[in-house]
Structure formats: structure tokens, C-alpha cells
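1. all I have is the shape, not the residue letters:
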């Protein structure tokens, strides 16, 4: 597991921690090691920008971001190339699932706006591992949607730099980023590389 240095209430799992979405035993072991509850608040991720406020564990419908001001309630999104982003406020936390569709739809910005409107403006954000521009090859129909974030893969084809776009949506906040690419590092699950159904977790909670 990865915890941003000096941060409490933000955690990212690794492939070695197991499948956090489907393996309940692996999730329970991970939670016990992290010192958090194994009852997580989650959503049915649909690659959009819907944000929900939650106050209990379990699933809260179709969305790609959730936030809470309930102390010690872990929020989780599950990823295997998309990015998990955790926003921390003084007494609230939000977690977003941001693939290229969600990033284009502004899911992180929408989560930030929802928390701010509720009186909990985030002050910092953690970006978990995800597929880097080095490995995220896209077609012209995708690249044209990201005029400010077009990049090149390691083999010279067109890609999109999703972390660059996310940082723009987090402008003004203190940002920590894993910087790890799930596309070429075997330490992470990657749907694009392996077609795996297994998922890592990005977690946030109010300590």
C-alpha cells in the first residue's frame, strides 16, 4: 500500500495487496493492515462526472465521485489504468475515479466544486497510479478532445497526458502524485495491458 508521506486519510493499494473490488478477504486484510474499517462507501463507476454525498458504507448508485464529512468512513474507487484522486478538506474527504472520459467530463473539478459548495473546500489532493502518457496510445478521435494534453507514447504514437489534465483541475491545491504508470510497471493492475478484471483501490477518509 502507498500512503503519501506525512498524510493521514489517503491510501492507494498495489497489485500485491490483491483485488480490492471483488476479493472481500483481500479487502479485509488490507483494511486491517491500514487500520481502517472494511465497510467502504463505493459507487457503481460509469466513467462520467456524477458526484454523490455519502454517509454510510456500501454502494450509492451510479457515479464516479463521492464525498463525506462522516469521520472514519472510508470512501473507495477502483482502478486498473484510470486514476483515483483523493481530495482532502479540514473535515471532509472526496474520492474520484478519473479515466480519460471522466477527466474530459471534469469529474475531479465537479467533486471539488461540490465539496466547496457544501462548505468543505479541499486544500490538497492525492493522485494515485494510472496509465501514463508513455503507454496511453489513443486515436485521433480521442486526442482531439484534449487539445492541451496531447502527448507521445514511448514508441512515438499519439497519447493523452491525463495527469496533466487532472493537475489543471486541481490548480491552487497542494498536490501529491504517485507518478507510477500502470501500463508498464507490473506492480499495478492494468486492464489495457492484461485485460484483467482485478482492481486496485484509492481510499480517502476523515481521520
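-> Yep, it's here. Keep in mind that what you see is a predicted model, and the values were worked out from it rather than measured. Numbering: from 1, shown residues only.

2. doesn't residue 57 make contact with residue 66?
-> No. With contact defined as CB atoms under 8 Å, residue 66 does not count as touching residue 57 (11.3 Å). Bear in mind the C-beta positions are built from the backbone N, C-alpha and C, glycine included.

3. the residue lying closest to residue 46 once chain neighbours are set aside: neighbouring residues, count only.
-> In this structure, residue 46 finds its nearest non-sequential neighbour in residue 62, 5.0 Å apart by CB to CB, 6 or more residues apart in numbering. By the measure other CB atoms under 10 Å, the count of residues near residue 62 is 12.

4. how much space separates residue 62 from residue 97?
-> Separation of residue 62 from residue 97 (CB to CB, to the nearest Å) stands at 12 Å.

5. returning to what we had before: look up how far residue 76 lies from the residue nearest to residue 46.
-> Distance from residue 62 to residue 76, by CB to CB: 16 Å.

6. and the lowest-mean-pLDDT helix or strand in the chain, what does it pack against?
-> Sorting the helices and strands of the chain by mean pLDDT, DSSP states H and E puts strand 150-152 at the bottom, at a mean of 88. Applying 3 or more CB pairs under 8 Å, 6 or more residues apart in numbering; DSSP states H and E, one finds that strand 150-152 contacts strand 158-160.

7. can you give me the mean pLDDT across the strand it packs on?
-> Average pLDDT, strand 158-160: 93.

8. also stretch 81-98?
-> On average, stretch 81-98 scores 97.

9. what distance separates it from the centre of its chain?
-> Stretch 81-98 has its C-alpha centroid displaced from the chain centroid by 6 Å (CA atoms, centre = their mean, to the nearest Å).

10. buried stuff in it?
-> For stretch 81-98, the neighbour count (16 or more other CB atoms under 10 Å) marks 81-89, 92-98 as buried.

11. endpoints of that stretch, how far apart?
-> With CA to CA, to the nearest Å as the measure, stretch 81-98 spans 9 Å from end to end.

12. now swap in stretch 64-75 and tell me
-> Stretch 64-75 end-to-end distance (CA to CA) = 12 Å.

13. in it, what's buried?
-> So stretch 64-75, judged by 16+ other CB under 10 Å, has buried residues 64, 65, 66, 67, 68, 69, 70, 73, 74, 75.

14. again, but for stretch 190-206
-> 190, 191, 193, 198, 199, 200, 201, 202, 203, 204, 205, 206.

15. same check on stretch 170-188?
-> Neighbour-count burial for stretch 170-188 [16+ other CB under 10 Å]: 170, 175, 176, 177, 178, 180, 181, 182, 183, 188.

16. quick one on the thing from earlier: widest-spaced pair of the buried residues of stretch 190-206?
-> Greatest spatial distance among the buried residues of stretch 190-206 (CB to CB): 193 and 206, at 34.4 Å.

17. any buried residues in stretch 11-26, and which?
-> Going by neighbour count (16+ other CB under 10 Å), the buried part of stretch 11-26 is 11, 12, 13, 14, 15, 17, 18, 19, 20, 21, 26.
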